[in-house]
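S.K.: Quick one, what's the 3D model for this:
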Amino acid sequence: MSKHKVTHFEIPTSNMKKSKDFYETVFDWKLEEMGDGGYCMAETTDSDEDGMPAEIGGINGGFYKRESKKDGPSFVIETDDLDATAAEIEMAGGKITTAKHEIGEWGYMADFTDPDGNELGLWEKAK
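M.R.: Here you go, the predicted model:
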C-alpha cells in the first residue's frame with residue numbers, strides 16, 4: 001500500500017448554495033460551510049473524531065469559490081514530509097505552483113503540476 005494516498009478532493013463552484021443543495025440531494029453528502037462561505041467541507045462518508053473518513057477507502061473533500069473558468073476538480077495526495085515530496089516532484093519534472101502553507105491547526109498544503117500540466121494538491125498533517 002502506498003504511503004501517498006489520495007485523502008481529499010476539491011470541486012470549484014460559482015454558486016455554493018446551489019452546489020450544496022445538489023450534492024446533498026443527489027448523493028446524500030453532508031456539506032458544511034466554513035467561515036465566510038468561501039469554502040464548504042463535504043463529508044461523503046462517516047468520519048472519526050478527527051474528521052477523517054471512518055470507512056476504509058473513503059474520501060471526503062470540499063467545494064471552493066470558482067475564481068476562473070480554468071478552475072476544475074482536483075484531488076489531494078497525503079505525504080509525511082511535504083518539503084521532501086516537493087523536491088522529488090521538481091526533480092521528476094513537476095512544478096510547485098503554490099508553496100507550502102499552513103491550514104490552521106490541521107497541517108500544511110501545497111499545489112503542484114505534474115509533467116503533463118495536471119494540477120494536484122499535497123497535504124501534510126500537523127505533527
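S.K.: What does the residue of the chain most remote from its centre show for phi and psi?
M.R.: Within the chain, the residue lying farthest from the chain centre (C-alpha atoms, centre = their mean) is M91, at 23.3 Å. Here is the backbone geometry of M91 (degrees, to the nearest 10): phi -70, psi -30.
S.K.: Quick check: it vs V76, distance?
M.R.: Distance, M91 to V76, by C-beta to C-beta, to the nearest Å: 21 Å. Backbone N, C-alpha and C define where each C-beta goes, glycine included.
S.K.: and if you look at D21?
M.R.: 25 Å.
S.K.: Compare those two (neighbour count), which wins?
M.R.: A direct count of neighbours by other C-beta atoms under 10 Å for D21 and V76 places V76 higher, at 21 against 12.
S.K.: Which strand residues bridge that one?
M.R.: Bridge pairing for V76 (DSSP bridges) gives the partners H8, G121.
S.K.: Surely it touches H4?
M.R.: No - when contacts are counted by C-beta atoms under 8 Å, V76 is not listed as touching H4 (10.6 Å).
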